[in-house]
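1. Prediction below, plus the sequence it came from.
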Amino acid sequence: MKGPQVLLEVFCLWHNKLSSQHFILVILRERSDRRIWAKARPMKQYYVYIMTNNSRTLYTGVTHDLVRRVYEHRNKLIKGFTQKYNITALAYYEIISDVWAAMQSQKQIKGWLRKKKIALIEEANPKWQDLSKGWYGK
């Protein structure tokens, strides 16, 4: 494709279980041509997450790379709250495709009472299992 492109339609959305990525198939056409091109592009994903420790102290965060961020918390690579309180277990996360919506969701959850955060976790993860268990071969 050489010239300016016109978006014809978004054809489909799918999830690759192997890579845990979401893809979107975009149908494009050059303005000066009748040829149609299809491109599969990975969708941006953002994660709002809640981590905890043995005392169930809660930390809410947002990231675009959940595996890396949880690794940083678990290995205390970032100074601050999670390092101080030994917050190493992933209790909850949600995937959001828009960065602004993800930041808004994180801000909203941070403003909730503890009781409401616990209800959110227990709805998705009633046994409070570490959702990142096994991610790092440990």
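-> Perfect, I can see it now.
2. switch to C-alpha atoms for all contacts and neighbour counts from now on
-> OK.
3. quick one, strands of the protein?
-> Using DSSP state E, the strands of the chain run over 5-16, 21-30, 36-42, 46-52, 58-63, 89-96.
4. the inter-axis angle of the fifth one versus strand 89-96?
-> Looking back up the chat, that one is strand 58-63. 40 degrees (axes from the mean of the first three to the mean of the last three Cα atoms, to 10 degrees).
5. quick check: angle from strand 58-63 to strand 46-52?
-> 160 degrees.
6. partner strands of strand 58-63, parallel or antiparallel?
-> Sheet pairing of strand 58-63 (DSSP bridges) gives strand 46-52 (antiparallel).
7. Domain parsing of this protein, as residue ranges.
-> 5-42, 46-124 (automatic domain parsing).
8. And those domains, which one averages the lowest pLDDT?
-> If you rank the domains of the chain by mean pLDDT, domain 5-42 sits at the bottom with a mean of 51.
9. neighbours around N75, how many?
-> The number of residues packed near N75 is 13, by other Cα atoms under 10 Å.
10. Leaving out chain neighbours, which residue sits closest to it?
-> Nearest in space to N75, with sequence neighbours left out and distances taken as Cα to Cα, 6 or more residues apart in numbering, is T88 at 7.8 Å.
11. Equivalent analysis for I50, please.
-> Nearest residue to I50 in three dimensions, chain neighbours excluded: T60, at 4.5 Å (Cα to Cα, 6+ apart).
12. What separation do you get for the one you found and G137?
-> 24 Å (Cα to Cα, to the nearest Å).
13. Check Y85 too.
-> 24 Å.
14. who's more crowded, these two?
-> Taking neighbours as other Cα under 10 Å, Y85 and G137 compare with Y85 leading, 15 against 5.
15. wait, what's in contact with that one?
-> N53, T57 (Cα atoms under 8 Å, 6 or more residues apart in numbering).
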